[in-house]
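1. Pasted the sequence and its predicted model underneath.
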2 protein chains.
Amino acid sequence: MSLDVASLAHSMRDRLPPKHDAGWTLGISRPEAMAEPAEKAARHLDLPARQTILDEGDEARSLHVILEGSVMLSKLLPDGRRQIIELLGPGDVFGLCINRLSDVTAETVLPSRIVVYDRAVAESSPSLQRLVADRMKAQICALHDHAMLLGRKNAVERVATFLMRLVPNRGGQGCAGPLAAGKADQAQVHVTLTRQEIADYLGLTLETVSRAFSLLKRQGVLAYGRHDDVTIGNVCRLCQCTGSH
Amino acid sequence: MSLDVASLAHSMRDRLPPKHDAGWTLGISRPEAMAEPAEKAARHLDLPARQTILDEGDEARSLHVILEGSVMLSKLLPDGRRQIIELLGPGDVFGLCINRLSDVTAETVLPSRIVVYDRAVAESSPSLQRLVADRMKAQICALHDHAMLLGRKNAVERVATFLMRLVPNRGGQGCAGPLAAGKADQAQVHVTLTRQEIADYLGLTLETVSRAFSLLKRQGVLAYGRHDDVTIGNVCRLCQCTGSH
DNA sequence: CGGGATGTTGAATATGATCAATGAGCGTGG
DNA sequence: CCACGCTCATTGATCATATTCAACATCCCG
């Protein structure tokens, strides 16, 4: 079954930015739509935005692969504090856990197409295994970066990092030190998360996120009318605000 | 090659606690020492404590498997802020990255025995692939938990969570709500990290970590003379301090 | 046009960071 | 063996940053 999936994964991987490629495609249009593998034993989900796929604690024996859209993974503490753990995009996988219970809640951010493979099927397919291994490596790297953000960065650095990751092909290798002066370096990003969701992702409150946006706007690093369409005047200037460069 | 590795990995997995099993064995003696797979194309490292294995940015094409001891993965920001990302133990893997460069620094915490497989070798061995996939799943779960800790928990909750994870078979499923009263529920843990390292792991300063320890001691939750030998009077009481229960 | 959800801004507060002094443990060498 | 110096930990006082509480503004949808 399915050399489809493997080749798919490889071609995707090659197109993605070299680092931070674990789902950082939120709101970025991806014109090359992924071909859909036609496999039996695979359920297909076609979901609207903000739809729960899996709850923390649910039985989770199957492999979910995102074909289109984006999914967020989150966890709750008993008193209601929430942390959004990962933001995933096309090619990313979720739903597998070492025990049979999901450790996170998964819900769509955008309308999404997802393939669900039975655990046994996933484990018997070398090409799927390969896809899963590659994606998990990428997700681990993303989680490493995120741990650094949550543990050591201040509010503005967190928001700047978040925005940088919405800019395709930047923030990883692309931005090597201060860019050659005089180069116009604009970018337009679409922020699909609410301030509350961004806050839950960055380990802040929504007010603090809002203040960080306002500060960056006041400093001329960002411009926006509607809260969700942000223009980054100078990408490298924003990059300087992330604390990573 | 090596049904050794696969069977090894499976037997280990079965012995480990069901959740949080990605390396939470720091300082816990593990009497059943792992058999060492006798494979060509595998380099063996025998390292003292606090030895750097791999630097952030180093070429990292090979798979490292920990046989004995423990390893910490960390990242630095340009201004010197450090975050310890993961603490790994026997059975855990590291050194593989989606690009060819390591995204983290790896160094031993305890004297450690490590096998290093060439990337090509690792990728051609189904049993190693299997080990890697299983371990990565466990590490991803641990990273999810840690993101929750870093993003949403306060200082005492972080320290309590850290200590709970040093108690074998607890903190995961084991501790279901308030334990039956009157049950003696002591545990002795050995803290191998310095306060500074704990701080870098928990996203705090060493002073804050010290204060949290002192507070828990003053409340009678902990007792210790030397800083590194901690007695937990009532494990469930400590568990209550983690914010997770 | 109105109402609910979402976002912004301000003032007071709390939590952890920073700066600083002191103390305990340990290995080395007189 | 003890004194010295080093590292590591504790504790206190002050400060900074993010949180909390609250009022108000804006956007979107019916």
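-> Nice, thanks for sending it over.
2. Chain A against DNA strand D: which residues are in contact?
-> Contact residues, chain A versus DNA strand D (Cβ under 7 Å from any atom of the strand): A:Asn154, A:Ala155, A:Val156, A:Gly203, A:Leu204, A:Thr205, A:Glu207, A:Thr208, A:Arg211, A:Gly225, A:Arg226. Placement of C-beta: from N, CA and C, glycine included.
3. give the contact list for the second one.
-> By Cβ atoms under 8 Å, 6 or more residues apart in numbering or on different chains, the contact list for A:Ala155 reads A:Leu202, A:Leu204, A:Thr208, A:Val209, A:Arg211, A:Ala212.
4. go on, the fourth one?
-> A:Gly203 makes contact with A:Gln83, A:Leu149, A:Leu150, A:Arg158, B:Leu150, B:Gly151, B:Arg152, according to Cβ under 8 Å, 6+ apart.
5. mind listing what the last one touches?
-> Residues counted as contacts of B:Arg152 (Cβ under 8 Å, 6+ apart) are A:Leu77, A:Arg81, A:Arg82, A:Gln83, A:Gly203, B:Gly243.
6. ok, so what distance separates the residue nearest to the third one when sequence neighbours are not counted from A:Met72?
-> Once its chain neighbours are removed from consideration, A:Arg82 has its nearest residue in A:Asp200; the separation is 4.8 Å (Cβ to Cβ, 6 or more residues apart in numbering or on different chains). Distance of A:Asp200 to A:Met72, computed by Cβ to Cβ, to the nearest Å: 9 Å.
7. got it, and A:Arg218?
-> On the measure of Cβ to Cβ, A:Arg218 and A:Met72 end up 29 Å apart.
8. Neighbour count: these two, which is higher?
-> A:Met72 (23 against 9; other Cβ atoms under 10 Å in any protein chain shown).
9. Am I right that that one sits in a helix?
-> No. Read with DSSP: H, G, I helix; E, B strand; the rest coil, A:Met72 is strand and lies in no helix.
10. about what we covered before: what subset of the residues of chain A next to DNA strand D is buried?
-> Among the residues of chain A next to DNA strand D, those scoring as buried are A:Ala155, A:Val156, A:Gly203, A:Leu204, A:Thr208 (criterion: 16 or more other Cβ atoms under 10 Å in any protein chain shown).
11. Next up, phi/psi of the second one, please.
-> Right, A:Val156. phi -70, psi -40 (degrees, to the nearest 10).
12. need the contact list for it.
-> Counting by Cβ under 8 Å, 6+ apart, A:Val156 makes contact with A:Ala212, A:Leu215, A:Leu216, A:Cys241.
13. from these, which ones fall inside helices?
-> Of the contacts of A:Val156, the ones assigned to helices by DSSP state H are A:Ala212, A:Leu215, A:Leu216.
14. Looking at neighbours, which among the residues you listed is most surrounded?
-> Neighbour-wise, those (other Cβ under 10 Å) top out at A:Ala212, 25 neighbours.
15. shouldn't that residue be in contact with A:Phe162?
-> No. The criterion here is Cβ atoms under 8 Å, and A:Ala212 misses it with A:Phe162 at 9.3 Å.
16. so which helix or strand takes in A:His245?
-> Of the helices and strands defined by DSSP states H and E, none includes A:His245.
17. Please, where are all the helices along chain A?
-> A:3-15, A:119-124, A:126-152, A:155-166, A:195-202, A:206-218, A:235-240.
18. Distance to DNA strand C and mean pLDDT added to these, as TSV?
-> What follows is the helices of chain A, written out as TSV (distance: least, Cβ to the nearest atom of the strand, whole Å; pLDDT from 0 to 100):
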stretch	distance to DNA strand C	mean pLDDT
helix A:3-15	30	42
helix A:119-124	35	91
helix A:126-152	9	96
helix A:155-166	10	97
helix A:195-202	4	98
helix A:206-218	3	98
helix A:235-240	16	95
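19. quick one on the thing from earlier: now distance to chain B too, for the contacts of A:Ala155, in a markdown table please.
-> Shown next, in a markdown table, are the contacts of A:Ala155 (distance: Cβ to the nearest Cβ, whole Å):
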| residue | distance to chain B |
| --- | --- |
| A:Leu202 | 8 |
| A:Leu204 | 8 |
| A:Thr208 | 13 |
| A:Val209 | 13 |
| A:Arg211 | 18 |
| A:Ala212 | 15 |
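20. Domain-wise, how is chain A divided?
-> A:3-152, A:155-240 (automatic domain parsing).
21. Check those for me and report the most buried one.
-> Of all these, domain A:3-152 carries the top mean neighbour count, a mean of 19, counting by mean count of other Cβ atoms under 10 Å in any protein chain shown.
22. from the middle of its chain, how far away would that one be?
-> With Cα atoms, centre = their mean, to the nearest Å as the basis, domain A:3-152 stands 9 Å off its chain's centre.
23. what's the answer for stretch A:204-221, then?
-> Offset of stretch A:204-221 from its chain centre (Cα atoms, centre = their mean): 21 Å.
24. if we look at it, which residues are touching it?
-> Contacts for stretch A:204-221 (Cβ under 8 Å, 6+ apart): A:155-156, A:158-160, A:194-196, A:198-199, A:202, A:222-224, A:227, A:232-234, A:237-238, A:241.
25. which two in the buried ones among the residues of chain A next to DNA strand D are spaced the farthest apart?
-> Using Cβ to Cβ, the pair of those lying farthest apart is A:Val156 and A:Gly203, separated by 13.6 Å.
26. nearest spatial neighbour of A:Leu143, skipping sequence neighbours?
-> Distances taken as Cβ to Cβ, 6+ apart put B:Leu143 closest to A:Leu143, at 4.1 Å, once the chain neighbours are dropped.
27. what about the one you found, distance to A:Leu73?
-> In terms of Cβ to Cβ, B:Leu143 sits 11 Å off from A:Leu73.
28. do A:Phe213 as well
-> Taking Cβ to Cβ as the measure, A:Phe213 falls 24 Å from A:Leu73.
29. Is stretch A:128-140 in proximity to chain B?
-> Yes. For stretch A:128-140, a contact with chain B is found by Cβ under 8 Å from any Cβ of the partner chain, at A:Gln129, A:Val132, A:Ala133, A:Asp134, A:Met136, A:Lys137, A:Ala138, A:Gln139, A:Ile140.
30. coming back round to it: next, format the contacts of A:Ala155 as JSON lines and append distance to B:Val189.
-> Output for the contacts of A:Ala155, formatted as JSON lines (distance: Cβ to Cβ, whole Å):
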{"residue": "A:Leu202", "distance to B:Val189": "32"}
{"residue": "A:Leu204", "distance to B:Val189": "32"}
{"residue": "A:Thr208", "distance to B:Val189": "35"}
{"residue": "A:Val209", "distance to B:Val189": "37"}
{"residue": "A:Arg211", "distance to B:Val189": "41"}
{"residue": "A:Ala212", "distance to B:Val189": "39"}
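31. Pick out the most distant pair among those.
-> A:Leu202 and A:Arg211 (12.5 Å).
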